[in-house]
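> Structure for the following, please:
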Amino acid sequence: MKNIDRQCPECGGQLVIDAWETVNTNDDGTFHMESSLVYKCIQRCGYMKEVEDDDS
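Purely as a prediction, here's the structure:
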């Protein structure tokens, strides 16, 4: 997790940059994993937004 100087638009808590992973099981038994960086609220209000390339 990386602390950044941004506030959550939902609750005003601090946002951090964190990794988010999703693992899916395919019909044939194989797995597919997707990962991305997201802004996540440390107050656990549920706010999460994917980090875009042009975010600064």
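
> Any figure for the gap between Asp5 and Ile17?
As judged by CB to CB, to the nearest Å, Asp5 and Ile17 stand 11 Å apart. C-beta here means a position set from N, CA and C on the backbone, and glycine is covered the same way.

> So for these two, which residue has more residues nearby?
Counted by other CB atoms under 10 Å, Asp5 and Ile17 do not tie: Ile17 has more neighbours, with 15 against 6.

> Tell me who's in contact with the residue nearest to that one when sequence neighbours are not counted.
Once flanking residues are discounted, Ile17 sits nearest to Lys2: 4.4 Å by CB to CB, 6 or more residues apart in numbering. Counting by CB atoms under 8 Å, 6 or more residues apart in numbering, Lys2 touches Val16, Ile17, Asp18.

> pretty sure the second one is touching Ser36, no?
Read that as Ile17. No: at 10.7 Å, Ile17 does not count as touching Ser36 under the criterion of CB atoms under 8 Å.

> which neighbours do the two share?
Taking CB under 8 Å, 6+ apart as the criterion, Ile17 and Ser36 both touch Val51.

> low-scoring stretches of the chain, by residue?
Applying pLDDT under 70 to the chain flags residues 54-56.

> what are the ranges of the strands in it?
2-7, 14-25, 31-41, 48-50 (DSSP state E).

> show me what contacts the residue nearest to Lys49 when sequence neighbours are not counted?
Leaving aside its chain neighbours, Lys49 sits nearest to Tyr39 (4.8 Å; criterion: CB to CB, 6+ apart). Contact analysis of Tyr39 by CB under 8 Å, 6+ apart lists Ile4, Arg6, Leu15, Val16, Ile17, Tyr47, Met48, Lys49, Glu50, Val51.

> can you tell me which residues contact the one residue sitting closest to the centre of the chain?
Nearest to the mean C-alpha position of the chain, by CA atoms, centre = their mean, lies Val38 at 2.7 Å. By CB under 8 Å, 6+ apart, the contact list for Val38 reads Ile17, Asp18, Ala19, Trp20, Met48, Lys49, Glu50, Val51.
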